[in-house]
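> got a predicted model here, sequence first, then my questions.
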Amino acid sequence: MSYLQQKMPEGKVFKDPVHGLVHVKDQIIWDLIATKEFQRLRRIRQLGTTSLTFHGAEHSRFNHSLGVYEIVRQILDVTFAEDTFDEIERATALCAALLHDLGHGPFSHAFEKVFHTDHEEFTQNIITGKSEVRDVLMRAGKDFPFLVASVINKTHANQTLVKLISSQLDADRMDYLLRDAYYTGVSYGKFDLERILRVLRPSPDSNGVIIKESGMHAVEDYLMSRYQMYQQVYFHPVSRSGEVLLWKILDRAKSLYQEGYEFAVTPNEVLPFFCENVTLDEYLALDDSILMFYFSIWQKEEDEILRDLCNRFLTRRLLHYVDYEPSQDQAFYNQMKGLFEKADVDPSYYLVIDYSSDLPYDLYKPGASTGKSPIQLLMRNGELHELSTESPVVESIGGKIRTDVKLYFPLDFIENGRIPIEVAKEMVSLIHKKEMQ
């Protein structure tokens, strides 16, 4: 019996608040979960700084990854016909679903912004490089790690495997919407997963998945849930204020190091990132808990900016914000910047423009070289119709990028006397006029 055929003597289960139970029967999946690289995901939060707004959002990429695996397992073992995939394809899809977030760094997106890392690239490097994960995958054959990585890289020959995990209707999005809604306590992200799984089918050309026409309204609900979650949770301005602080903490620490600053406690685990020359082992050695340790230490650093930013982040003294329209508010930004400089407050750390944008559904444009594959409906007559041509709801949100821009600054500096009173008065007047617009 091959390694891919090996089943657990008794199936294992994880109790899960979203899916009820996550079932593990394949030995390879159980062995992958036990690797140190996968266990590290327990120490990487799924939603970064969102817990500063929604206090329940403390869940990790570990339980999200199990959730994505469980959805793909249900699709392969329950929804699709038994002969849809061969043994190797099935195992490839399950492993890729489980491991798809393996390369996320601490606090994910703010971290990537400063240190120019790519979590998908690191995911592939972990799968194919020197790691316990690769050692497990190699038991299925020397080429198997590269097959799994090719799903992450979206180059696998069978694109249905790829699009089960990365598309406009994929297991990744399905799990994070339901899971994030559960842990944030909101109702926006809820949709009928069971119904979608019942009407999901592999496309006849091995190029993705399609939906039976009768399931159109369930997919509409899913897309609207995604739209609302981005607007109400993922782009929440308070969460973004925490992310701006995180971004600026890392940016300040990196700049200080490059200027030759000597930290009271040498941040050994972070130094390779300051140099932007990181090995795989060094990357895997860093997680949320280690960064939080250094943020705590940096509250006592001699550098006033780093000290203040870390204290703000840890005590939730967040930055104030106003709506910002780049094409109309440049004069406001320039005036505020001048006043911060006049008050000897560095605007590069304390006057920050933050952009957020999302495309709820990318409409299919014939002949276009870019864009994502559309969601196709399988009509009763056997034809495939792009979703928005049948759904007025999807047509109304499709192809429209939603962008939100905020300008963040420390209002408390104005209120507590950190900024000289005459300068503060000018700032207050400017801010009041802006907020009244």
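Ah, there it is.
> after the helix or strand of the chain with the lowest mean pLDDT, next one along is what?
The helix or strand of the chain with the lowest confidence, counting by mean pLDDT, DSSP states H and E, is helix 108-115 at a mean of 84. Counting by DSSP states H and E, the element after helix 108-115 in chain order, helix or strand, is helix 119-128.
> which parts of that following helix are buried?
Along helix 119-128, the positions that meet the burial threshold by neighbour count (16 or more other CB atoms under 10 Å) are His119, Glu120, Phe122, Thr123, Gln124, Asn125, Ile126, Ile127, Thr128. C-beta: built from backbone N, CA, C; applies to glycine.
> ditto for stretch 421-437
Going by 16+ other CB under 10 Å, stretch 421-437 has these buried residues: Val423, Ala424, Glu426, Met427, Leu430, Ile431, Lys434.
> and for stretch 353-361?
Within stretch 353-361, the residues that qualify as buried are Asp354, Ser356, Asp358, Leu359, Pro360, Tyr361, counting by 16+ other CB under 10 Å.
> then that stretch to PDB, C-alphas only?
What follows is the C-alpha trace of stretch 353-361 in PDB, where atoms were taken according to Å, rounded to 0.1, in the frame of the first residue of the first chain:
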ATOM      1  CA  ILE A 353      -2.400  57.800   4.400                       C
ATOM      2  CA  ASP A 354      -3.800  54.300   4.300                       C
ATOM      3  CA  TYR A 355      -5.500  52.800   1.200                       C
ATOM      4  CA  SER A 356      -7.900  49.800   1.200                       C
ATOM      5  CA  SER A 357      -9.600  48.400  -1.800                       C
ATOM      6  CA  ASP A 358     -11.600  45.300  -2.800                       C
ATOM      7  CA  LEU A 359     -13.200  43.900  -5.900                       C
ATOM      8  CA  PRO A 360     -16.200  41.900  -4.700                       C
ATOM      9  CA  TYR A 361     -16.600  40.000  -8.000                       C
END
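> residues in contact with that stretch?
Among residues not part of stretch 353-361, those counted as contacts by CB atoms under 8 Å, 6 or more residues apart in numbering are 168, 223, 226-227, 230-231, 234-235, 240, 243-244, 324, 326, 333, 375, 387-388, 394, 397-408.
> run the last query once more with 7 Å
Around stretch 353-361, the neighbours that count as contacts under CB atoms under 7 Å, 6 or more residues apart in numbering are 168, 223, 226-227, 230, 235, 240, 244, 324, 394, 397-398, 401-408.
> between the least confident helix or strand of the chain and helix 119-128, how big is the angle?
Put simply, helix 108-115 runs at 100 degrees to helix 119-128, going by axes from the mean of the first three to the mean of the last three CA atoms, to 10 degrees.
> number the residues from 42 up from this point.
Sounds good: first residue 42 from here, last item helix 149-156.
> which helices and strands sit right next to helix 149-156?
Counting contacts by 3 or more CB pairs under 7 Å, 6 or more residues apart in numbering; DSSP states H and E, helix 149-156 is packed against helix 278-299.
> for the helix or strand just after the helix it packs on, what is the average pLDDT?
Heading C-terminal from helix 278-299, the first helix or strand you meet, by DSSP H and E, is helix 312-315. Averaged across helix 312-315, pLDDT comes to 95.
> got the contact list for helix 312-315?
For helix 312-315, contacts defined as CB under 7 Å, 6+ apart pick out Phe156, Lys295, Tyr298, Gln299, Val319, Thr320, Glu323.
> got the buried residues for that helix?
Burial within helix 312-315, assessed by neighbour count using 16+ other CB under 10 Å, is assigned to Pro313, Phe314, Phe315.
> any idea how far that helix is from the chain center?
A distance of 22 Å separates the C-alpha centroid of helix 312-315 from that of its chain, computed with CA atoms, centre = their mean, to the nearest Å.
> next: stretch 417-424.
In terms of CA atoms, centre = their mean, the centre of stretch 417-424 is found 33 Å from the chain centre.
> for it, measure first residue to last.
The distance separating the two terminal residues of stretch 417-424, taken as CA to CA, to the nearest Å, comes to 10 Å.
> quick check: buried residues in that stretch?
Applying a neighbour-count criterion of 16+ other CB under 10 Å, the buried positions in stretch 417-424 are Gln417, Leu418, Leu419.
> residue contacts, Ser280?
Remark: with contacts taken as CB under 7 Å, 6+ apart, Ser280 is in contact with Thr90, Thr91, Leu93, Thr94.
> what do you get for Gly89?
Contact partners of Gly89, counting by CB under 7 Å, 6+ apart, are Phe148, Ser149, His150, Ala151, Glu284.
> domain map for this protein?
44-268, 277-359 (automatic domain parsing).
> could the ones you listed go into TSV alongside distance to Tyr390?
Formatted as TSV, the entries for those read as follows, by distance: least, CB to CB, whole Å:
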stretch	distance to Tyr390
domain 44-268	13
domain 277-359	5
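> which one of these is the most hemmed in?
domain 44-268 (a mean of 19; mean count of other CB atoms under 10 Å).
> quick one: the helices in the stretch 42-191 of the chain?
With DSSP state H, counting those that start in this stretch, the ranges of helices along the stretch 42-191 of the chain come out as 68-74, 77-80, 102-115, 128-140, 149-156, 160-169, 173-179, 185-193.
> and those helices: which comes nearest Phe304?
Evaluated with CB to CB, the helices of the stretch 42-191 of the chain place helix 149-156 nearest to Phe304, the distance being 16.7 Å.
> output that closest one as PDB, nothing but the C-alphas.
The C-alpha coordinates for helix 149-156 follow below in PDB (Å, rounded to 0.1, in the frame of the first residue of the first chain):
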ATOM      1  CA  SER A 149       0.800  39.200   7.700                       C
ATOM      2  CA  HIS A 150       0.100  42.200   5.600                       C
ATOM      3  CA  ALA A 151       1.700  45.000   7.600                       C
ATOM      4  CA  PHE A 152       4.700  42.800   8.000                       C
ATOM      5  CA  GLU A 153       4.900  42.100   4.200                       C
ATOM      6  CA  LYS A 154       4.600  45.900   3.500                       C
ATOM      7  CA  VAL A 155       7.700  46.700   5.500                       C
ATOM      8  CA  PHE A 156       9.900  43.800   4.700                       C
END
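> got the contact list for that helix?
Residues external to helix 149-156 that are found in contact with it (CB under 7 Å, 6+ apart): 89, 146, 158-160, 284, 287-288, 291-292, 295, 314, 317.
> for the residues you listed, which one is nearest Asp385?
Asp292 (19.2 Å).
> nearest residue to that closest one other than its sequence neighbours?
Spatially, and ignoring its direct neighbours in sequence, Asp292 is nearest to Val155 (5.4 Å; CB to CB, 6 or more residues apart in numbering).
> tell me if I'm right that Glu173 and Ala75 touch.
No. With contacts defined as CB atoms under 7 Å, Glu173 does not count as touching Ala75, sitting 8.3 Å away.
> from Asn194, how far out is His141?
Here the criterion is CB to CB, to the nearest Å. By it, His141 lies 11 Å from Asn194.
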